[in-house]
Structure formats: structure tokens, C-alpha cells
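A.B. asks: model this:
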Amino acid sequence: MHHDIADLRQFYYQRALGRVVQRILRDRLVTRWRPEGCTGMTVAGFGFAAPMLRPYLETARRVTALMPGPQGVMAWPAGMANHSVLCDETGWPLETGSVDRLVILHGLETSDDPAALLAEVWRVLGPGGRVMVMVPNRAGLWAASDRTPFGLGRSYTTGQIETQARRAGFVPEWHGSAVYIPPSDRRFWLGSAQMWERTGTRISRVLIAGVVLIELSKQVRAPLGPEIRVHVPSPLDILDGVVGPRPARAPLGRQVAQDRARRDRIRSDLSIR
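C.D. replies: Have a look, this model is predicted:
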């Protein structure tokens, strides 16, 4: 079951609760990936990650919001040139190894094939590229409520995400949690959301977050195989313009013997004179 673009847009841009969640998640992301640190990079998002990408519009070389076909697409950002594109879940219109930073929000938990989705993430990320995955926390209240987008699809624990990521070849670099307020529109919770976030990060074992965050990196190992020997010519050979093969040891030894014999003959002639 997939999200509907109309429901996602209404939650994040029209409901007060959604705007609070948007600010919380974006602040956590910017803390890890500062916009000035992404200058000249290619930044992308999959699912409904558009609200997370706005801070990078001014510094990144390119920003793309990928939205899966079953979900639908909307123009983004408002009042600016469009950066969003409708795509297949496992066939993104991006070149292999072209993305430096990628955010997945409301994409993995509703995917028809999570393993194939992570394989596509691996393809588009360049060596050393990083992806931030945001998914509903299985132990949280948000995954049990169908009044928000986090109540749709699969929910995860940090360990489950790490296991799935390792199988896809990624290296977990960091994990955290966010959204410690309950999924309620009451003013008390909305007004005190930042306070609960600060408290939750310190006593996360007591307070249960609604969203699990995990940062993964793509590490490409150097190719292994037989040793390749490289011939480095002698500096004297380069200066003399020698481009032919170096003589073998035997001819070189004979040449030395001939030089010695020539010197002996010259000395003999001089002594006779």
C-alpha cells in the first residue's frame, strides 16, 4: 500500500502537526549534513523527501526530488523552477554514481521490494556517498496511528534497518531518533515539541520516538587480483630519448669485456711507443 501525494501534501503543508514534524526532521538532517558542507554536491530525495531538501537548494549543484509512481508527484518547490520528477520505484532517471547525498522519507516502508529499492540507491550513489533513511519506529505511537503518514506500511527498529542495509552493501555510519511528541494536534504538544525533542535525545531509553533515522555510506573496495607490474624507465633513458627495449644482461656483459680489451690494447700501443 502506497501513500497518496494529496494526503502527504495536506499533512506536511496544511496540518500544524505536519509542519512541526517537518521542522523536527529537517533540523535533525541539517545537523548531520550542513548545507554549506554540501556545496557543489548533487542532493536527491526519494519518496516524499521534498520538505527535507529545501535547505540545499542554494548550495548544492543539483537537487532532485524523486517521487514514486504509485504515490504521485507534485511540483516542487512552490514559486521556483521545478525540481521534482515522477519515477519508477526501482528505476530512477539518474546516472550511476551521480548522487552525493540522498534522503529517503516515506519511501522504504511502503516499497513493494525494499531490497530492489536499496539496490537502486546503491547504483545512483557515488563512492563515499551517503543516504539518510527515515522510517516509522516499530515501538513508537506514530506507527500505530493511521492519522499520519507514519502509520502506513512497514515499521522498523534500528537493528532491522541496519541488517537490511548491510545486506545491500551499505555501511551504517550513524543512527538516531526523532519526533518524541504523540501524534496529536493539541496545542500543548505542538507548542512543546522542541522541548520534548531535546529531552528525548538525552533520555531516549525512557521516551519512545516516532521516527528512526539511520545514515548509511557507500564504501567501494579497491579491486583485488594478481599483482600488475609496471615498468618505470630509468631517468637516464628518458633524457637520452631511449624508446627501445633495454639490452639484456648477457649483451651488456660482453660490451663491458670488449671495452676492457680495447683499453688494454691502447695501453699496450702507448707502452711500445
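A.B. asks: CA atoms for contacts and neighbours, from now on please.
C.D. replies: OK.
A.B. asks: Pass me the low-pLDDT residue ranges in the chain, would you?
C.D. replies: Where the chain drops to pLDDT under 70, the residues are 204-206, 222-260, 262-263, 266-273.
A.B. asks: Distance-wise, check residue 81 relative to residue 62.
C.D. replies: With distances taken as Cα to Cα, to the nearest Å, residue 81 is found 12 Å from residue 62.
A.B. asks: Neighbour count for these two, which is higher?
C.D. replies: Comparing residue 81 with residue 62 by other Cα atoms under 10 Å, the one with more neighbours is residue 62, at 16 against 9.
A.B. asks: That one and residue 41 touch, don't they?
C.D. replies: Yes. At 6.9 Å, residue 62 counts as touching residue 41 under the criterion of Cα atoms under 8 Å.
A.B. asks: Show me which residues of stretch 124-134 are buried.
C.D. replies: Across stretch 124-134, burial judged by 16 or more other Cα atoms under 10 Å covers 124, 125, 126, 127, 129, 130, 131, 132, 133, 134.
A.B. asks: Return the closest of the residues you listed with respect to residue 32.
C.D. replies: Nearest to residue 32 among those: residue 132, at 9.4 Å, using Cα to Cα.
A.B. asks: ok, the strand or helix carrying the closest one: who's next to it in the sheet?
C.D. replies: Residue 132 is part of strand 125-136 when elements are defined by DSSP states H and E. Applying DSSP bridges, strand 125-136 is found paired with strand 99-105 (parallel), strand 211-217 (antiparallel).
A.B. asks: list the buried ones in whichever helix or strand residue 31 is part of?
C.D. replies: Residue 31 is part of helix 16-32, with elements assigned from DSSP H and E. Going by neighbour count (16+ other Cα under 10 Å), the buried part of helix 16-32 is 16-22, 24-27, 29-30.
A.B. asks: which strands and helices sit next to the next helix or strand after it?
C.D. replies: Next along the chain after helix 16-32, taking DSSP H and E as the criterion, comes strand 42-47. Here strand 42-47 is seen to pack against helix 50-53, strand 62-68, strand 99-105 when contacts are counted using 3 or more Cα pairs under 8 Å, 6 or more residues apart in numbering; DSSP states H and E.
A.B. asks: go with 7 Å
C.D. replies: strand 62-68, strand 99-105 (3 or more Cα pairs under 7 Å, 6 or more residues apart in numbering; DSSP states H and E).
A.B. asks: I'd like those strands laid out as JSON lines, including distance to residue 215.
C.D. replies: Formatted as JSON lines, the helices and strands packed on strand 42-47 follow (distance: least, Cα to Cα, whole Å):
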{"stretch": "strand 62-68", "distance to residue 215": "18"}
{"stretch": "strand 99-105", "distance to residue 215": "9"}
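A.B. asks: and residue 192, which of the ones you listed is closest to it?
C.D. replies: strand 99-105 (23.9 Å).
A.B. asks: Grab the CA positions of that closest one and hand them over as PDB.
C.D. replies: Output of strand 99-105 as PDB, limited to C-alpha atoms (Å, rounded to 0.1, in the frame of the first residue of the first chain):
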ATOM      1  CA  VAL A  99      24.500  11.400  -6.300                       C
ATOM      2  CA  ASP A 100      26.500  12.500  -3.200                       C
ATOM      3  CA  ARG A 101      23.600  12.800  -0.600                       C
ATOM      4  CA  LEU A 102      20.200  11.100  -0.700                       C
ATOM      5  CA  VAL A 103      17.300  11.300   1.700                       C
ATOM      6  CA  ILE A 104      14.500   8.600   1.900                       C
ATOM      7  CA  LEU A 105      11.300   9.600   3.600                       C
END
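A.B. asks: what does it contact?
C.D. replies: Contacting residues not belonging to strand 99-105 are listed as 41-49, 124-126, 129-135 [Cα atoms under 7 Å, 6 or more residues apart in numbering].
A.B. asks: What of stretch 163-181?
C.D. replies: Counting by Cα under 7 Å, 6+ apart, 21, 24-25, 118-119, 162, 189, 193, 196-197, 200, 207-218 sit against stretch 163-181.
A.B. asks: Nearest to residue 53, out of the strands paired with strand 125-136?
C.D. replies: That would be strand 99-105 among the strands paired with strand 125-136, by Cα to Cα, at 8.1 Å.
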